[in-house]
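*Asks:* Based on what follows, work out the 3D shape:
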Amino acid sequence: MCGIVGYIGKRDVAPLLLEGLQRLEYRGYDSAGIAIAGKSGGLKTVKAKGRVRELEARVPKRFTGTTGIAHTRWATHGAPSDENAHPHLDAEGKVAVVHNGIIDNATELRAKLTADGVEFRSETDTEVLTHLIGRSQADTLEEKVRQSLALIEGTYGVAVLHADFPDRIVVARNGSPVVLGIGEKEMFVASDVAALVTHTRQVVTLDDGEMATLKADDFRTYTTDGARTTASPTTVEWEAESYDMGGHDTYMHKEMAEQVEAVDRVLRGRIDDRFSTVHLGGLNLDAREARAVRRVKILGCGTSYHAGLIGAGLIEELARIPADAEPASEFRYRNPVVDPDTLYVAVSQSGETYDVLAAVQELKRKGARVLGMVNVVGSAIARETDGGVYVHAGPEVCVVSTKCFTNTVVAFALLALHLGRIRDLSVADGKRLIAGLRKLPGQIAEILEQEPEIKKLAKEYANAKSMMFIGRVRGYPVALEASLKLKEISYIHAEAYPASELKHGPLALIEPAMPTVAIVPDDDLLEKNRAALEEIKARSGPILAVAHREQEKADHTIVVPKSEHELDPILMGIPLQLLAYHTALALGRDIDKPRNLAKSVTVE
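*Replies:* Residues are numbered from 1 along each chain as shown. Take a look at the predicted model:
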């Protein structure tokens with residue numbers, strides 16, 4: 001959940017590394033550090049608690065060199081501090097290591113090293129690896145790193161610099177992403193392509209159990225067992241400008257605004273008007289295999305899980321296949337029954353979410369068929385699954401997901417339509433849904449135009465200490481996601497319940513100080529939802545409704561355009577993204593980098 005960047009070449013390395021850290025700061029922002037191989041020999045390091053700007057202020061003007069590694073941290077072992085910031089050095093100051101992931105047996109290794117006289121300077125698990133490499137008697141840096149990693153249990157993406165081998169950087173991956181950037185007589189390494197695209201779009205993504213040696217004019221890849229591997233560079237889809245703020249005050253605001261074009265992109269080239277269906281060539285699932293599916297299980301975490309809940313509803317409704325979603329973080333720990341007739345779908349914005357990736361690996365081990373639904377092309381989940389759907393949302397830098405959530409739900413609508421047309425969904429329903437999908441970008445634009453009114457509403461609700469979100473059937477996952485968004489960036493406590501469950505306990509919380517946000521689509525449950533509003537109003541609870549028409553019992557109503565009823569969740573969630581955003585803005589929160597969170601959760 002941290003950011004790694006490294007460089008070897010002819011350019012002055014410190015400005016390059018600091019720029020890369022700025023682009024990776026959404027992956028962790030508790031502390032940061034930099035280490036370079038000095039021109040006169042030895043390693044020079046600077047570390048600082050806090051944001052990358054704190055580190056930049058500490059870097060001396062004469063901090064020069066052409067090889068270096070850097071890191072921005074999201075704390076796991078040890079509180080944010082200068083001492084716990086990466087890179088970590090060995091006892092002689094010759095080895096510098098930056099590390100993403102968690103070393104599970106760090107306590108045991110630390111005890112052994114301490115017994116041997118090693119003095120630790122930090123509370124981190126990473127420092128264990130640094131001392132192991134520094135104490136290795138192997139002749140090459142590659143072998144020192146290999147020997148040390150063999151003692152490690154857990155996950156890692158690492159980059160290693162050694163004063164005795166200033167012509168190279170050695171990197172390795174197991175469960176945490178490592179990407180090589182291939183330049184002209186210069187090489188880069190990072191945990192995310194965001195740090196690379198300014199300088200090169202030619203990249204190599206390491207697989208788990210793979211290492212690489214970077215020199216200024218060459219690179220080679222090999223396994224942690226020493227076997228040579230073949231790696232061909234691929235071209236990154238996005239330009240460097242895609243990672244800029246583009247005139248917006250925050251990345252979140254930019255990414256919400258991009259949903260119009262993002263949804264158009266996920267639809268483009270996939271609709272088949274002739275047969276009233278869609279083409280999803282990456283599924284690697286022919287019609288016979290699709291008809292043999294008896295159940296669909298969707299796995300994701302956080303926002304991806306909520307998208308999966310909407311996706312499960314769409315698949316059941318359109319394809320008439322039993323479907324459900326559950327958190328991937330819980331799935332593999334409950335000894336699940338893995339059915340050969342079940343199609344599993346793993347959902348992850350980054351394609352690197354550790355809990356989802358681990359669930360995929362467990363399912364593959366048991367012979368299951370697994371599809372991926374991810375945003376990042378070539379990511380670990382995309383590579384490990386049998387096929388899947390790219391959601392084509394474009395780079396998402398804000399820690400909380402908006403456009404990727406929306407595109408993922410649209411991608412599930414495409415998958416559900418595809419499966420439905422293979423089974424029993426009529427041509428007429430296929431045409432109806434395709435027409436609805438095509439209207440989505442324009443309808444999203446209509447909702448975004450309501451931002452000034454939603455901003456005013458947000459100021460009215462910003463003083464709430466707690467908020468309730470409710471919805472029924474299709475509306476309930478929308479309530480869950482809206483509740484999560486508010487918590488993530490405003491720090492206001494929020495809970496989401498099915499509206500039908502109010503009488504079974506949560507109604508006890510309703511009072512004038514507890515606002516309720518109600519999802520009220522104009523569907524066959526409209527009167528049931530209105531009855532819930534009556535219950536809240538009878539207890540003097542303030543109500544904000546998101547609906548297709550004004551609601552009498554609500555204090556305020558955000559009116560959204562009517563879509564096909566199956567697609568209602570896509571549109572009804574967007575004004576609640578804006579509500580969370582402007583609530584957080586009114587409270588002065590750091591919206592792109594909320595406390596305690598990071599973008600890509602690559603640790604368990």
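*Asks:* Tell me where the stretch 451-600 of the chain has strands.
*Replies:* Assigned strands in the stretch 451-600 of the chain, in chain order: 466-471, 493-498, 516-520, 543-547, 556-559 (criterion: DSSP state E, counting those that start in this stretch).
*Asks:* With mean neighbour count, mean pLDDT and distance to Gly387 added, can I get those in JSON lines?
*Replies:* To be clear about C-beta, it is placed using only N, CA and C from the backbone, and glycine gets the same treatment. Formatted as JSON lines, the entries for the strands of the stretch 451-600 of the chain read as follows, by neighbours: other Cβ atoms under 10 Å; pLDDT from 0 to 100; distance: least, Cβ to Cβ, whole Å:
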{"stretch": "strand 466-471", "mean neighbour count": "24", "mean pLDDT": "97", "distance to Gly387": "32"}
{"stretch": "strand 493-498", "mean neighbour count": "19", "mean pLDDT": "96", "distance to Gly387": "32"}
{"stretch": "strand 516-520", "mean neighbour count": "27", "mean pLDDT": "97", "distance to Gly387": "33"}
{"stretch": "strand 543-547", "mean neighbour count": "24", "mean pLDDT": "97", "distance to Gly387": "35"}
{"stretch": "strand 556-559", "mean neighbour count": "20", "mean pLDDT": "98", "distance to Gly387": "38"}
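*Asks:* Show me what the helix or strand of the chain with the lowest mean pLDDT is packed up against.
*Replies:* Of all the helices and strands that make up the chain, strand 234-235 has the lowest average by mean pLDDT, DSSP states H and E, namely a mean of 89. Judged by 3 or more Cβ pairs under 8 Å, 6 or more residues apart in numbering; DSSP states H and E, the packing partners of strand 234-235 are strand 202-205.
*Asks:* Please export the C-alpha coordinates of the strand it packs on as PDB.
*Replies:* Backbone C-alpha positions of strand 202-205 (Å, rounded to 0.1, in the frame of the first residue of the first chain) are rendered in PDB as follows:
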ATOM      1  CA  GLN A 202       7.400   1.100 -22.300                       C
ATOM      2  CA  VAL A 203       6.900  -1.100 -19.300                       C
ATOM      3  CA  VAL A 204       7.500  -4.700 -18.000                       C
ATOM      4  CA  THR A 205       5.300  -5.900 -15.100                       C
END
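*Asks:* Check the gap between Glu119 and Ala85 for me.
*Replies:* Separation of Glu119 from Ala85 (Cβ to Cβ, to the nearest Å): 18 Å.
*Asks:* Kindly apply the preceding question to Gly430 instead.
*Replies:* Going from Gly430 to Ala85 by Cβ to Cβ gives 55 Å.
*Asks:* Looking at those two, which is more packed in?
*Replies:* For Gly430 versus Ala85, neighbours defined as other Cβ atoms under 10 Å are more numerous around Ala85 (29 against 21).
*Asks:* Would you mind giving the secondary structure of that one?
*Replies:* coil (DSSP: H, G, I helix; E, B strand; the rest coil).
*Asks:* can you tell me how far it sits from Glu330?
*Replies:* In this structure, Ala85 lies at 33 Å from Glu330, with Cβ to Cβ as the measure.
*Asks:* show me the contacts for the nearest residue to Val97 once chain neighbours are set aside.
*Replies:* Closest residue to Val97 in three dimensions, ignoring its sequence neighbours and counting by Cβ to Cβ, 6 or more residues apart in numbering: Thr130, at 4.5 Å. Contacts here follow Cβ atoms under 8 Å, 6 or more residues apart in numbering; on that basis Thr130 touches 88-90, 95-97.
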